[in-house]
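Colleague: Structure of the sequence below:
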Amino acid sequence: MTSAAAAGAARTAHTADLTAAELHAVRALLEDAFDGDLADEDWEHALGGVHVLVHDEAGRLAGHGSVVMRRVRHRDRWLRVGYIEAVAVRADRRRRGLGGRVMAELERIVDRAYDAGMLSASDEGAALYAARGWQVWPGRICALGVDGVVRLPDEEGSTFLRPALAGPLDPAFELVFDWRDGDVL
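Modeller: Predicted coordinates for the structure are as follows:
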């Protein structure tokens, strides 16, 4: 495939299959897209799962997203959740459908491999997810910390859900996420 034909095509790869140069390019894209507001923990959250990479005509990384597995308790069941991380499009390539291309591939992975998909959206990203059918979780958001279940009220209203194999989830019951360093969600 020529680079012109490959431009805009989504490539998927597990973190283990990305080269050091590719990981460096992803981190640089995220640093730029998030205006330098990418903590080391945020970077770690994007690793260990499947990445979607979209390149421009010159072969430069133009878009990225990843999906990692998280455990989320709902009622009396722990769900395997495909959690979307680090979705970004290079500034000079925005509003051209690349974010949608990245999300379409991430959604395909979530729909085929997980009980549900979830993500925490910024104000800027919320419109993209809502337009693609992701729904704001209307219930409580919690995490399982070392001292037990901790409510995360700041995450309520910005956590989006894509039901998959699990079917509908009842917002009368909280979502309890596994704990992780940095931003829990």
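Colleague: quick one: buried residues of stretch 154-161?
Modeller: Applying a neighbour-count criterion of 16 or more other C-beta atoms under 10 Å, one finds E155, E156, S158, T159, F160, L161 buried in stretch 154-161. The way it works is simple: take the backbone N, C-alpha and C, and place the C-beta from them, glycine included.
Colleague: per-residue pLDDT, the residue nearest the centre of the chain?
Modeller: The residue at the geometric middle of the chain, judged as the C-alpha nearest the mean C-alpha position with C-alpha atoms, centre = their mean, is I84 (1.6 Å). In the predicted model, I84 carries a pLDDT score of 98.
Colleague: backbone phi and psi for it, please?
Modeller: phi -80, psi 130 (degrees, to the nearest 10).
Colleague: who's in contact with it?
Modeller: Contacts of I84 were listed using C-beta atoms under 8 Å, 6 or more residues apart in numbering, and they are G65, S66, V67, M103, L106, V110, G117, M118, L119.
Colleague: Can you flag which of those residues belong to strands?
Modeller: Assigned to strands by DSSP state E, the following of the contacts of I84 qualify: G65, S66, V67, G117, M118, L119.
Colleague: wait, what's in contact with the fifth one?
Modeller: Spelled out, it's M118. M118 sits next to R70, V72, V81, G82, Y83, I84, W137, T159, F160, L161, R162, L175 when contact means C-beta under 8 Å, 6+ apart.
Colleague: in this protein, which spans are helices?
Modeller: Taking DSSP state H, the helices of the chain run over residues 3-6, 20-33, 40-45, 98-113, 123-131.
Colleague: closest to D147 out of these?
Modeller: Set against D147 and scored by C-beta to C-beta, the helices of the chain come closest in helix 40-45, at 19.9 Å.
Colleague: Packing partners of that closest one?
Modeller: If you count contacts as 3 or more C-beta pairs under 8 Å, 6 or more residues apart in numbering; DSSP states H and E, helix 40-45 packs onto helix 20-33, strand 77-89.
Colleague: Any idea how far that helix is from the middle of the chain?
Modeller: Taking C-alpha atoms, centre = their mean, to the nearest Å, one finds the center of helix 40-45 at 12 Å from the center of the full chain.
Colleague: Can I get that helix as CSV, trimmed to CA atoms?
Modeller: As requested, C-alpha coordinates have been extracted for helix 40-45 and formatted as CSV (Å, rounded to 0.1, in the frame of the first residue of the first chain):
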residue,chain,number,x,y,z
ASP,A,40,2.9,10.7,33.3
GLU,A,41,0.0,8.9,34.9
ASP,A,42,-2.2,10.0,31.9
TRP,A,43,0.3,8.5,29.5
GLU,A,44,0.5,5.3,31.5
HIS,A,45,-3.3,5.0,31.3
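Colleague: I am finished for the moment; much appreciated.
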